[in-house]
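Colleague: What follows is a predicted structure for the sequence shown.
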Amino acid sequence: MESNDLILLQQEYAEAFHRLNLLKAGYEREKKLSEEQVIAQKDFLKTESEYMSMLSETEGLRARLKMVNIEPETVEGGEIFESVSVNSPIDGTITSLELSQGEFIESRETVIEVVNIQKLQLQLHIFEKDLTDVAVGQEVLFYTPDNSEKRYRATLSHLGKSVQPESRTVRCLAQIDPAGRGMFINNLFVEAIIYTCQREAMAIPEQALIKETEGNFVLVFQEEKGNNMLFRKIPVKTGVTREGYSEILEDNLKSILLAGSYYLDMAE
């Protein structure tokens, strides 16, 4: 990056630095004379005020030089740089470059975007009516719409404090588990499931249920006769059905047929 302002900044610092050294010598001399009561106190206070004012100005210019990656010690020796290198504050990949050679950059204008894939966060938009059910620390499963079978884990880390008026949602953040980092790109759309509570329950594959107008049934193994296996058709009450599994509210059932019930000849 090149700019006349960079050259002027270095010149201002060099002048302030040398002026400060001069004032410092006078300040230290007059301080000793003041302690010995050789000079008037008001004369010493004036010198002290000038020195402290120049010290503040010099330190401010020194800080500005460091912000643009120019070492103040180099400028103090009389070397002036016409250009400086702009270093990225993070490791990553440039995903957006909105500038060209010779172009003037306005203050606060974004010209380069750098993304560290290893530090991507999951941004979730949760409807305001569901906020009472979510809390920091809850587990999140997420996946891309075109590959819903492959699931990744994250942990809810931040709940937004403002509702978006257009969508009536709140923006929340989740930290992706290390195993899933590096698998995604910035601004990728995903779908997510937040586990608001967890409990143990008996569940069977949804295909193991025999759904009839009278209710739901399962086949329970009774005995084996020769080459035949006998099953008994038993009514069951079901709870939550999710991700291909149905909760069975009866807790004393064993030996349930989990697949193939529709290929059997069943007798009551």
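Modeller: Cool, the structure landed.

Colleague: Show me the helices in the stretch 1-150 of the chain, by range?
Modeller: For the stretch 1-150 of the chain, applying DSSP state H, counting those that start in this stretch gives helices covering 4-35, 41-67, 72-76.

Colleague: Ok, which of those helices comes nearest F184?
Modeller: Evaluated with CB to CB, these place helix 41-67 nearest to F184, the distance being 32.8 Å. Where C-beta positions appear, they are placed from N, C-alpha and C, glycine not excepted.

Colleague: average pLDDT for the closest one?
Modeller: For helix 41-67, mean pLDDT rounds to 91.

Colleague: which one of the helices of the stretch 1-150 of the chain lies closest to S107?
Modeller: Ranking the helices of the stretch 1-150 of the chain by their distance to S107 (criterion: CB to CB) puts helix 4-35 first, at 10.6 Å.

Colleague: In the closest one, which residues are buried?
Modeller: Buried residues in helix 4-35, counted by 16 or more other CB atoms under 10 Å: 6, 9-10, 12-14, 16-17, 20, 23, 27, 30, 34.

Colleague: can you give me the strands in this protein?
Modeller: Assigned by DSSP state E, the strands in the chain fall at 93-97, 112-115, 121-127, 139-144, 147-158, 163-164, 169-176, 191-194, 203-205, 210-212, 215-225, 228-236, 238-242, 245-248.

Colleague: Output these as JSON lines; include the columns distance to M67 and mean neighbour count.
Modeller: Below are these laid out as JSON lines (distance: least, CB to CB, whole Å; neighbours: other CB atoms under 10 Å):
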{"stretch": "strand 93-97", "distance to M67": "21", "mean neighbour count": "11"}
{"stretch": "strand 112-115", "distance to M67": "17", "mean neighbour count": "14"}
{"stretch": "strand 121-127", "distance to M67": "27", "mean neighbour count": "16"}
{"stretch": "strand 139-144", "distance to M67": "38", "mean neighbour count": "17"}
{"stretch": "strand 147-158", "distance to M67": "29", "mean neighbour count": "14"}
{"stretch": "strand 163-164", "distance to M67": "35", "mean neighbour count": "13"}
{"stretch": "strand 169-176", "distance to M67": "29", "mean neighbour count": "19"}
{"stretch": "strand 191-194", "distance to M67": "39", "mean neighbour count": "15"}
{"stretch": "strand 203-205", "distance to M67": "59", "mean neighbour count": "16"}
{"stretch": "strand 210-212", "distance to M67": "69", "mean neighbour count": "13"}
{"stretch": "strand 215-225", "distance to M67": "69", "mean neighbour count": "14"}
{"stretch": "strand 228-236", "distance to M67": "70", "mean neighbour count": "14"}
{"stretch": "strand 238-242", "distance to M67": "53", "mean neighbour count": "13"}
{"stretch": "strand 245-248", "distance to M67": "57", "mean neighbour count": "18"}
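
Colleague: Tell me which of those strands lies nearest to S83.
Modeller: Smallest distance to S83 across these (CB to CB): 16.6 Å, for strand 112-115.

Colleague: who does the closest one pair up with?
Modeller: Applying DSSP bridges to the sheet, strand 112-115 is found paired with strand 93-97 (antiparallel).

Colleague: Report the backbone C-alpha coordinates of the partner strand in PDB.
Modeller: Taking Å, rounded to 0.1, in the frame of the first residue of the first chain, the C-alpha atoms of strand 93-97 are listed here in PDB:
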ATOM      1  CA  THR A  93      -7.800 -18.000   2.400                       C
ATOM      2  CA  ILE A  94      -8.800 -14.800   0.500                       C
ATOM      3  CA  THR A  95     -12.400 -15.200  -0.500                       C
ATOM      4  CA  SER A  96     -13.100 -11.700  -1.800                       C
ATOM      5  CA  LEU A  97     -10.800  -9.100  -3.400                       C
END
